[in-house]
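Undergrad: Predicted model, plus sequence, below.
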Amino acid sequence: MTRNLTLLVLGAAALAACNPNPETIVANGPPDPMAEELANAPAVELPPAIAASKTYRCKDNSLLYIDWYSDGSARVKTEKGTPGTPVPAPAEGVKIDLTGNAAAPTITYAGKTCHV
């Protein structure tokens, strides 16, 4: 009997916490205080997606892990699970340590030649 009474009291308390008044939703609603800022905000540019992740074996028997991105840049890791070193996309007049791309079976990084 005490158990049933306790459950009844808890159920009544839970229902009492509900708001019995209906909510009114209007079509235009209250004005958005940030509407003007959002309308004038620049477009959001997403970061490049990973196009390929490959593991390369170098001539000195070391491993390189490279994430190739859709914008032509890459991230080179010497150990799995580390953040690695970002390498920008090739641009005219800019010297980078990485030659090759995701489709190439051989790449060169920091003077090392590595194969898939």
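TA: Everything's here; your move.
Undergrad: Could you look up the SS state of the residue nearest the centre of the chain?
TA: With distances taken as CA atoms, centre = their mean, the chain has Pro47 as the residue nearest its mean C-alpha position (8.0 Å). Under DSSP: H, G, I helix; E, B strand; the rest coil, Pro47 falls in the coil class.
Undergrad: Any figure for the gap between it and Ser73?
TA: Distance of Pro47 to Ser73, computed by CB to CB, to the nearest Å: 10 Å. The C-beta positions use only the backbone N, C-alpha and C, and glycine is treated the same way.
Undergrad: about what we covered before: measure the residue nearest to the centre of the chain to Val87 for me?
TA: Counting by CB to CB - Pro47 and Val87 are separated by 15 Å.
Undergrad: now the longest strand anywhere in the chain, how far from the chain's geometric center?
TA: In the chain, with assignment by DSSP state E, the single longest strand is strand 50-58. Between the centre of strand 50-58 and the centre of its chain there are 19 Å (CA atoms, centre = their mean, to the nearest Å).
Undergrad: Neighbouring strands - and their directions - for the helix or strand following it?
TA: Later in the chain than strand 50-58, the nearest helix or strand by DSSP states H and E is strand 63-69. Here strand 63-69 has these sheet partners by DSSP bridges: strand 50-58 (antiparallel), strand 74-77 (antiparallel).
Undergrad: got those strands as CSV, with mean neighbour count, mean pLDDT and distance to Thr6 columns?
TA: As requested, the strands paired with strand 63-69 are exported to CSV (neighbours: other CB atoms under 10 Å; pLDDT from 0 to 100; distance: least, CB to CB, whole Å):
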stretch, mean neighbour count, mean pLDDT, distance to Thr6
strand 50-58, 15, 95, 56
strand 74-77, 20, 94, 59
